[in-house]
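Student: here is a sequence with its predicted model. Questions after.
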Amino acid sequence: FHNRADLTLVPTRALRDELAGHGIPRVDVVSRGVDTQLFDPVRRNAELRRSWGVGPDELVVLYVGRIAPEKNLALLEQAYLALKARVPAARLVMVGSGPAQAAMRGRLPDVIFAGPQVGEALAAHFASGDLFLFPSLTETYGNVVAEALASGLPVVAYRDAAALELVGHGSHGWLAEPGDESA
């Protein structure tokens, strides 16, 4: 399939290199961007945070995406519970919906399930968080990482896909080696 194409476009250098390693010629990266007029720290919303039951100095951990097992949400739960053990006032806000939502709601009654958000409402949710957790290992890119960074949030993710391309470990967030759940 790829060898018959004039060009195969991929979202990251890592995916380009992987395909080239499989002998696929003519692979190039399509750069992605984010609307920095929309995703901007100035959209932080104190009223939205109050609706989540958190004060201005309390930690809000944000997840944005499909609420489904393939997003590695079991690890998100583990990370959140470990964080809560150290910072009891921390809250997790889940933006999105999906088949795992009902079960998660039962296991984590203090989590805020904000539902799907778009446009300015989505941008306000991003900017009103304090830390973005992205546990997925199945993304080819993950636009939400770029949106979180543009919104001023440090990102905790695996050293993979968009996070590998965009997050400076220790300056824009923290990266773990793929599959290293303890990291």
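Tutor: Thanks, I have it.

Student: ok, the residue nearest the centre of the chain to Ala161 distance?
Tutor: By CA atoms, centre = their mean, the mean C-alpha position of the chain lies nearest to Phe134, the distance being 3.7 Å. Phe134 sits 9 Å away from Ala161, going by CB to CB, to the nearest Å. To be clear about C-beta, it is placed using only N, CA and C from the backbone, and glycine gets the same treatment.

Student: what sits in contact with each of the two?
Tutor: Both Phe134 and Ala161 are contacted by Gly142, Val145, under the criterion CB atoms under 8 Å, 6 or more residues apart in numbering.

Student: buried sites along the top helix by length along the chain?
Tutor: Using DSSP state H, we find that the single longest helix of the chain is helix 73-86. By neighbour count with 16 or more other CB atoms under 10 Å, helix 73-86 contains the buried residues Leu73, Leu75, Leu76, Glu77, Ala79, Tyr80, Leu83, Lys84.

Student: so which strand or helix has the residue lying closest to Leu38 once chain neighbours are set aside?
Tutor: Leaving aside its sequence neighbours, Leu38 sits nearest to Ala123 (CB to CB, 6 or more residues apart in numbering; 4.9 Å). If you go by DSSP states H and E, Ala123 is part of helix 119-127.

Student: next up, the contacts around the closest residue to Ala183 other than its chain neighbours.
Tutor: Leaving aside its sequence neighbours, Ala183 sits nearest to Ala176 (CB to CB, 6+ apart; 3.5 Å). By CB under 8 Å, 6+ apart, the residues touching Ala176 are Val156, Ala157, Tyr158, Arg159, Ala183.
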